[in-house]
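Participant: structure for this input, please:
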Amino acid sequence: MESGAIPDGSITASSSYHYDLRPFYARLNVRSNGGGWAATTSIIGQWLQVDLGEMKRVTGTIIQGRNRDEQWVTSYKLRYSADGTVWTTYAGSDGSDMVFPGNADMNTPVTNLLDNPIAARYVRFYPQTWHIHMSMRVEILGCSTDIRITSPTSDGYTEFVAEVAGQPKQTSLENGCRFFQATRTQTRL
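Facilitator: The predicted structure is shown next:
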């Protein structure tokens, strides 16, 4: 996202507080305009969504608070989807919804790697707690997948089978998958 590889129109939200706080300002390290995305009101149920354009293997997230104000998300849930219609909440090892730790200030990036990577085209961040106002900047970590779509099953669902394309590449986080994000001149590998 930080690199701009994900188009502005692929970053959406349930609401935006102001013109300068629209979803596409939610890119990690953005400093322009309002310095991030902010929801209209800070209530549970607000979300920030990223359309990755195609199915990807998602291995983690990085979040920051709003650059221009003392506002940040202190915990959040992740939901993901293959089609933008049917959503699954990322669960912990006990099967309950995983609540990820967030920020303690507005600029320090907080990385959360997924114990069980997911296959998704759409990823939503659902803030659960926040400091002053629900505001954030985000990055999604992962790599490309080869997706095989099976026929609908007897219960009407379509199964998506994802496999990592090619050999995994080493990253600075040693999670076996490259970042979607590219820095200004290179991809983090």
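Participant: pick out the residue closest to the middle of the chain.
Facilitator: With distances taken as CA atoms, centre = their mean, the residue of the chain nearest its centroid is I140 (4.6 Å).
Participant: residues contacting that one?
Facilitator: Residues near I140 by CB atoms under 8 Å, 6 or more residues apart in numbering: M1, V50, L52, K56, V58, G60, T61, V123, F180, Q181. All C-beta atoms are positioned from the backbone trio N, CA, C, and that covers glycine.
Participant: and the residue lying closest to the first one once chain neighbours are set aside, how far from V50?
Facilitator: Counting by CB to CB, 6 or more residues apart in numbering, M1 lies nearest to R27, which is 4.7 Å off, once chain neighbours are set aside. In this structure, R27 lies at 10 Å from V50, with CB to CB, to the nearest Å as the measure.
Participant: quick check: neighbours shared by these two?
Facilitator: Joint contacts of R27 and V50 (CB under 8 Å, 6+ apart) are M1, I11, V138.
Participant: for the second one, give its distance to N67.
Facilitator: When distance is defined by CB to CB, I11 is 16 Å away from N67.
Participant: tell me the confidence at the residue nearest to the centre of the chain?
Facilitator: Per-residue confidence (pLDDT) for I140: 97.
Participant: beta partners for it?
Facilitator: T61 (DSSP bridges).
Participant: pretty sure Y17 is in a strand, no?
Facilitator: No. Assessed with DSSP: H, G, I helix; E, B strand; the rest coil, Y17 is coil; it does not lie in a strand.
Participant: ramachandran angles for it?
Facilitator: When read as degrees, to the nearest 10, the backbone of Y17 gives phi -70, psi -40.
Participant: quick one: contacts for it?
Facilitator: Y17 touches G34, A38, A39, T40, H133, S135, counting by CB under 8 Å, 6+ apart.
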